[in-house]
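Enquirer: next come a sequence and a model predicted from it.
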Amino acid sequence: MSIRLHNIGKHFGSGRQRTQALEPVNLDIHDGELVGLLGPSGSGKTTLLRIIAGLEHADPDGGARILFGERDVTNVHVRDRRIGFVFQHYALFRHMTVFDNVAFGLTVMPRRNRPTSGEIRARVHRLLEMVQLEQLAHRYPAQLSGGQQQRVSLARALALRPDVLLLDEPFGALDAKVRQDLRRWLRHLHDELGFTSLFVTHDQEEALELSDRVAVMSNGRIEQIDTPDAVYRSPANHFVFEFLGDVNHLEGEVRDGTLTCGEARLSVELPDGSEELLLRPHEVRLAEAPTPEAHLPVTVTAISPVGAEVRVELTADWLGEPWLATVRHADYERLGLSRGQRLYAIPRRWHRFPDASPAPALSPLARAA
Ligand SMILES: Nc1ncnc2c1ncn2[C@@H]1O[C@H](COP(=O)(O)OP(=O)(O)OP(=O)(O)O)[C@@H](O)[C@H]1O
C-alpha cells in the first residue's frame with residue numbers, strides 16, 4: 001500500500017500561542033517500503049506520524065490530502081484506516097495474557113467481519129511463532145522483559161493485517177543489544193509480510209540501518225529524503241551533515257588558496273574569505289609528517305580501540321573542539337599510537353555548506369574520487 005501526502009502542514013494553538021509543528025510536507029512512500037522519520041526532539045516526526053494515523057488532523061487550508069494507494073483517507077477515521085501501531089511505551093493490557101493481548105483486536109471486530117474463534121487462535125499462534133513468543137503465550141505483560149513486551153506489541157499490531165504499520169520510537173526504551181535484535185527482526189518481518197512501514201526515531205544508526213529511505217526532519221521540515229547511503233554521503237545541507245554522524249570542524253581564513261587557522265594550514269581551492277570546513281572522522285588520516293597541502297599538527301588525547309576501527313581523539317591549540325579520527329587497527333599499530341603523541345592530521349576530503357547554497361561543495365579530492 002503506497003502512502004501519498006500532499007500539503008500536510010500543522011499548527012497547534014491559536015493567537016500568540018500558535019506554533020507551527022509542520023511546514024506543509026509532500027511525501028510519497030512506496031508500496032512495501034520501510035521509511036524512517038529521523039530528527040531531533042521537536043522536529044515534527046510524531047506529529048506527522050499521528051496525522052497519517054488519523055489521530056491528529058492536518059491544517060485544513062492548503063488542500064491537505066492523504067492517500068493510501070488510491071484511497072483518499074484524509075477524512076477517514078483512525079479506526080477505518082487499516083493501520084497497525086507500535087509505540088515506545090508498550091501499551092499492552094496488563095490484565096490480559098500475551099495471547100489475549102494479540103487476539104484482542106480480532107475479538108472486538110464487528111461480528112460480521114470477525115474470524116471464528118478457531119481462526120483467531122490459529123492466527124495468534126502463527127504471529128506468536130513469528131515473534132518467537134509461543135512459549136510465553138500464557139504469561140502476563142509484567143512477566144516479560146521490555147524487548148519481549150515490544151514483540152507482543154508488534155504481533156498485536158499485525159494481527160489485524162494492517163496495510164500500513166506505524167511505529168513511534170518503538171525501541172526507544174530498550175537497551176542497545178535488545179534494540180539491535182529487534183531492528184533485525186522488524187526488518188525481517190517487514191520483508192516477509194510485505195506491509196508498508198513508517199517509523200519515528202531520533203537515533204541515526206537505527207534509521208540508517210533499518211530504513212529503505214530516511215526522511216531527515218528539523219523544525220517541522222523534511223530536509224532530505226533518500227536512501228541511507230545517499231543521505232550519509234551526499235547530505236543536502238549543513239543540518240543533515242551534522243545530524244547524521246560525528247563531525248570535525250575546521251574554521252579559518254582563506255587567502256591565496258590556503259586556509260589558515262593558528263598554526264594550521266590547508267590548501268583549498270576556494271576564494272578568499274572566512275570558511276568552515278567539515279570532516280567526518282574517517283576522512284581524517286593520521287601521519288608522522290605534514291604534506292605540502294596539509295599542515296595540521298595535533299596531539300592524541302584519547303584512544304578507544306573497541307570495535308572495527310580505533311577512535312582517536314585529537315586536540316590542538318588551533319582547534320576549538322577536539323577532533324575525532326577513526327583509523328584502521330593496522331594503522332593504529334603501524335603508527336604505534338599513544339596518548340600525548342604528536343602527529344599530523346591529513347584530510348582525505350572535506351565538505352562545506354555555504355549559507356543559502358542548495359548543493360553541497362566537496363573538496364577536489366572527493367570530486368576526483
Ligand atoms: N498537542 C500539542 N500542542 C501544542 N504543541 C504541540 C503539540 N504536539 C506537538 N507540539 C509541538 O509541535 C512540535 C513538533 O512536535 P513533535 O512531537 O511532532 O516532535 P518530535 O520530532 O516527534 O519530537 P520528539 O522526538 O521529542 O517526540 C514541537 O514544537 C511540539 O512542542
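Expert: Yep, that arrived.
Enquirer: number of residues surrounding E119?
Expert: Neighbourhood size, E119 [other Cβ atoms under 10 Å]: 11. For the C-beta atoms, the positions are set from N, CA and C on the backbone; glycine is no exception.
Enquirer: double-check that it belongs to a helix.
Expert: Yes: remark: E119 belongs to a helix, assigned using DSSP: H, G, I helix; E, B strand; the rest coil.
Enquirer: any idea how far the residue in the stretch 251-369 of the chain positioned nearest to the ligand lies from A236?
Expert: With Cβ to the nearest ligand atom as the measure, F353 is the residue of the stretch 251-369 of the chain nearest to the ligand, at 22.4 Å. For F353, the distance to A236 (Cβ to Cβ, to the nearest Å) stands at 9 Å.
Enquirer: do the same with S211
Expert: Shown here: S211 relative to A236, a distance of 16 Å by Cβ to Cβ.
Enquirer: those two: which has the busier surroundings?
Expert: More crowded of S211 and A236, by other Cβ under 10 Å: S211, with 24 against 19.
Enquirer: list phi and psi for the more buried one.
Expert: S211 has phi and psi values of phi -90, psi 150 when expressed as degrees, to the nearest 10.
Enquirer: list the contacts of M1.
Expert: D31, F68, G69, D163, V164, F195, T196 (Cβ atoms under 8 Å, 6 or more residues apart in numbering).
Enquirer: same thing but at 10 Å, please
Expert: 29-33, 67-71, 82-83, 162-164, 194-196 (Cβ atoms under 10 Å, 6 or more residues apart in numbering).
Enquirer: how many other residues sit next to the closest residue to the residue of the stretch 251-369 of the chain closest to the ligand other than its chain neighbours?
Expert: Using Cβ to Cβ, 6 or more residues apart in numbering and skipping residues adjacent in sequence, the residue nearest F353 is H238, 3.9 Å away. Using other Cβ under 10 Å, H238 has 19 other residues around it.
Enquirer: if we can go back for a sec, which of the contacts of M1 fall in strands?
Expert: Counted as lying in strands by DSSP state E, out of the contacts of M1, are I29, L67, F68, R71, I83, V164, T196.
Enquirer: export these to CSV and tack on neighbour count?
Expert: Below are the ones in strands among the contacts of M1 laid out as CSV (neighbours: other Cβ atoms under 10 Å):
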residue, neighbour count
I29, 23
L67, 16
F68, 20
R71, 13
I83, 23
V164, 22
T196, 22
